[in-house]
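Q: here's a sequence, model it:
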Amino acid sequence: MATNRKERAGVVQGNRGKGRKKGTPNKLTRDVKEMILGALDKAGGVDYLVRQASASPAAFLTLVGKVLPLQVTGKDGGPIQTQQLAPAQMTPEQRREEIQRLLQQNPDLLNATGADAS
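A: Below you'll find the predicted structure:
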């Protein structure tokens, strides 16, 4: 008589790990994607999508939402860092100090904006 849940369900230890590798789409998904891309190519590719963006913006934006990343991460895959600043509530001296602090924490900040560090 089976004593644990896996044994009762007929799960055999010897089959563990024999499925497809993580992230590998199944054949149906792969085939459907290939058909969609083939149809897009025959319809005109990028030019067709540009026409659809004007003709049916809601449908086009739905498509855009489907292809954008589902998860956004910060630098090197880490969490996104946010800072809340209220410059209008700061004195000019507090603003200067905050700018200096941010520049010390993020030395590449000036380079990212194209500003000259000198």
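Q: now the helix or strand hosting Glu34: how far from the chain's centre is it?
A: Taking DSSP states H and E as the criterion, Glu34 maps to helix 27-43. Put simply, helix 27-43 sits 22 Å off its chain's centre (Cα atoms, centre = their mean, to the nearest Å).
Q: can you check stretch 80-93 too?
A: That offset, for stretch 80-93, works out to 28 Å (Cα atoms, centre = their mean).
Q: what does stretch 31-45 give?
A: That offset, for stretch 31-45, works out to 23 Å (Cα atoms, centre = their mean).
Q: I'd like the average pLDDT over it.
A: Per-residue pLDDT values across stretch 31-45 average out to 92.
Q: just the CA trace of that stretch, in PDB.
A: This file holds the C-alpha atoms of stretch 31-45, laid out as PDB (Å, rounded to 0.1, in the frame of the first residue of the first chain):
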ATOM      1  CA  ASP A  31       4.900  26.900 -33.600                       C
ATOM      2  CA  VAL A  32       2.300  29.600 -32.900                       C
ATOM      3  CA  LYS A  33       5.000  32.200 -32.500                       C
ATOM      4  CA  GLU A  34       6.600  31.200 -35.800                       C
ATOM      5  CA  MET A  35       3.200  31.400 -37.500                       C
ATOM      6  CA  ILE A  36       2.500  34.900 -36.100                       C
ATOM      7  CA  LEU A  37       6.000  36.100 -37.100                       C
ATOM      8  CA  GLY A  38       5.500  34.600 -40.600                       C
ATOM      9  CA  ALA A  39       2.100  36.400 -41.000                       C
ATOM     10  CA  LEU A  40       3.600  39.700 -39.800                       C
ATOM     11  CA  ASP A  41       6.400  39.300 -42.300                       C
ATOM     12  CA  LYS A  42       3.900  38.700 -45.200                       C
ATOM     13  CA  ALA A  43       1.800  41.600 -44.000                       C
ATOM     14  CA  GLY A  44       4.700  44.100 -44.300                       C
ATOM     15  CA  GLY A  45       6.700  43.700 -41.100                       C
END
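Q: right, I'll call it a day here.
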